[in-house]
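>>> could you work out the structure for the sequence below:
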Amino acid sequence: MNPADLHAAVVARLTTEIATISVHDADVPGSPPADAKGRVLPYAVVWGSAGWAPEEARTVDGDAHGALSWPCPVTVAAGDPTWCLRAAAAVRAALDGYLITGAGILREQPGTPSMDRDPNVTPTRWFVPFTFRIGPYL
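Now for the predicted structure:
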């Protein structure tokens, strides 16, 4: 399966599985929806990745026969720390273990960083950057 199809599958999965957050395709919303207090409502951004052909899949002649290790960065953000953590849990539940037919099982890459506050945006928001992956965990 090619990276564009994998990316589309992840965007579709989040869009259909989680009604409580908006999902954006490789673009942080410029004016995200907010509540009456001005706090940004939870959202996720699915970033693009071309992946790579893993060395262990190559034959003696160097052909990987279409094998792909594909990382999928997903950032979850919200204008309230609790909202952000709840949205992060929902994204993890939707994606970790998700079988993409013809490609494999999507798994969270170990070592996901902690939630942090983004000092470069107004209104304020907190975020959690995930990486999910199909293929070898390097």
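>>> from residue 133, how far out is residue 13?
15 Å (C-beta to C-beta, to the nearest Å). Every residue, glycine included, has its C-beta placed from N, CA and C.
>>> same deal with residue 77?
The value you get for residue 77 to residue 133, if C-beta to C-beta is used, is 21 Å.
>>> more neighbours: these two, which one.
residue 77 (27 against 21; other C-beta atoms under 10 Å).
>>> the more buried one touches residue 39, doesn't it?
No: shown here, residue 77 and residue 39 do not form a contact pair, counting by C-beta atoms under 8 Å, at 11.3 Å.
>>> in this structure, which helix or strand is least confident?
strand 104-105 (a mean of 90; mean pLDDT, DSSP states H and E).
>>> check which element follows it along the chain.
Using DSSP states H and E, the helix or strand that follows strand 104-105 in sequence is strand 107-108.
>>> excluding its backbone neighbours, what's nearest the residue nearest the centre of the chain?
Nearest to the mean C-alpha position of the chain, by C-alpha atoms, centre = their mean, lies residue 74 at 2.3 Å. Closest residue to residue 74 apart from its sequence neighbours, by C-beta to C-beta, 6 or more residues apart in numbering: residue 130 at 4.7 Å.
>>> so which helix or strand takes in the one you found?
Counting by DSSP H and E, residue 130 is found in strand 125-134.
>>> what is that strand packed up against?
strand 70-78, helix 81-95, strand 107-108, strand 116-118 (3 or more C-beta pairs under 8 Å, 6 or more residues apart in numbering; DSSP states H and E).
>>> what's the longest one packed up against?
Taking 3+ C-beta pairs under 8 Å, 6+ apart as contact, the helices and strands that helix 81-95 lies on are helix 3-17, strand 43-46, strand 70-78, strand 125-134.
>>> need the contact partners of the last one.
Looking back up the chat, that one is strand 125-134. With C-beta atoms under 8 Å, 6 or more residues apart in numbering as the test, strand 125-134 has contacts from 6, 10, 32, 40, 68-81, 84-85, 88, 91-92, 95-96, 100, 103-109, 112-118.
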